[in-house]
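when you get a sec, could you give me coordinates for this:
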Amino acid sequence: MSVEPVRGQRMRYGQECELKVAPHLLTDARVEEIENVMREEEEDGRRVTFNMTFLNHTPPYLLGTEERLRVANSRKLKGNEMFTAGDFVSALIWYDKAFSMVSSPKSFGEEEDEARQVWVACHLNRAACHLKEKRYQDTIADCERVLEFEGEKKNLKAHLRLAEAELELRNYDRAEMMLLEAQLAHSDNAAIKRLQGLVRMRREMDLRDEKKLYGKMLHKDT
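Alright, predicted model coming up:
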């Protein structure tokens, strides 16, 4: 039988608490504090279960543009931390959360440019996560969204990540096309040249493997 915790006392192993969060406290900083508490309890050999209830949560479209940008940038930075730590699944979740705040940059008025930057960064960072997770079609989709976005036709990172995904899928012609497009705008970029060399090498390796395979097949038939 579970004993109810008393206000001001430390919880015992196996107890549960219900945590109600008021709207004005519903920020990324508060969520991070809760995550840290749970992590500390687990490190001490105890487990705390939080049943969280969000009261009258304000949807993003009712927040001011300044607040939406603040939350979006905070979530994007959290995603960057997860990516650096190698937790690409969690990073993707945080980038999605950040994107939900800036999904319509034109609605930001004078702050549209900053919202656009976060919008683009979220897609590029998502593409990087997909690459790490070998979800190459998802990488291509996010990069294409960036290149189709107004003013981002020459985005270098989008071209490079899209080309890398096409390379992994052995779509060598498309990979080369993306790199040539990037080279028109960024002629002396070392990353483009490195990837072009890799595409050529992988194409040649595949051709050699095909010739060996055909040679073995012909040898069996004679």
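
can you pull out the helices in this structure?
28-43, 65-84, 88-101, 112-132, 136-148, 156-168, 172-185, 190-221 (DSSP state H).

which stretch among those comes nearest Pro59?
helix 88-101 (9.6 Å; CB to CB). In short, each C-beta sits where N, CA and C put it, glycine included.

so which bits of that closest one are buried?
Across helix 88-101, burial judged by 16 or more other CB atoms under 10 Å covers 88, 90-95, 97-99, 101.

with adjacent residues omitted, what lies nearest to His186?
Of all residues not flanking His186 in the chain, Leu156 sits nearest, at 5.4 Å (CB to CB, 6 or more residues apart in numbering).

looking at the buried residues of helix 88-101, which is nearest Lys134?
Proximity of these to Lys134 (CB to CB) peaks at Phe88, which lies at 10.3 Å.

so for that closest one, what pLDDT did the model give?
Looking at Phe88, its pLDDT stands at 96.

over to Asn155?
97.

show me where this protein dips below the pLDDT cut-off.
Scanning the chain for pLDDT under 70 picks out the ranges 1-58, 210-222.

domains of it?
13-57, 59-186 (automatic domain parsing).

pick the most buried one from the helices of the chain.
helix 156-168 (a mean of 23; mean count of other CB atoms under 10 Å).

now what about that one, what contacts it?
123-124, 127-128, 130-131, 134, 136-137, 139-140, 143-144, 146-147, 152, 172, 174-176, 178-179, 181-182, 185-186, 189, 191-192, 195, 198-199, 202 (CB atoms under 8 Å, 6 or more residues apart in numbering).

cool, stretch 116-123 as well?
69, 72-73, 76, 95-96, 98-99, 101-103, 105, 142-143, 145-146, 149, 151-152, 155, 158.

sorry, back to before: any chance of a markdown table for the helices of the chain, columns distance to Pro59?
Output for the helices of the chain, formatted as a markdown table (distance: least, CB to CB, whole Å):
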| stretch | distance to Pro59 |
| --- | --- |
| helix 28-43 | 16 |
| helix 65-84 | 11 |
| helix 88-101 | 10 |
| helix 112-132 | 17 |
| helix 136-148 | 23 |
| helix 156-168 | 30 |
| helix 172-185 | 37 |
| helix 190-221 | 40 |
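
hang on, the earlier thing: so for Asp206, which of the domains of the chain sits nearest?
Across the domains of the chain, closest to Asp206 is domain 59-186 (CB to CB), at 6.7 Å.

now do the contacts for Ser90.
79, 82.

separation between it and Glu166?
Distance, Ser90 to Glu166, using CB to CB, to the nearest Å: 27 Å.

cool, Leu160 as well?
Taking CB to CB, one finds Leu160 at 11 Å from Glu166.

same thing with Leu77?
In this structure, Leu77 and Glu166 are 30 Å apart, going by CB to CB.

same deal with His130?
According to CB to CB, His130 and Glu166 sit 13 Å apart.

please apply the same query to Ala182.
Taken as CB to CB, the span from Ala182 to Glu166 is 13 Å.
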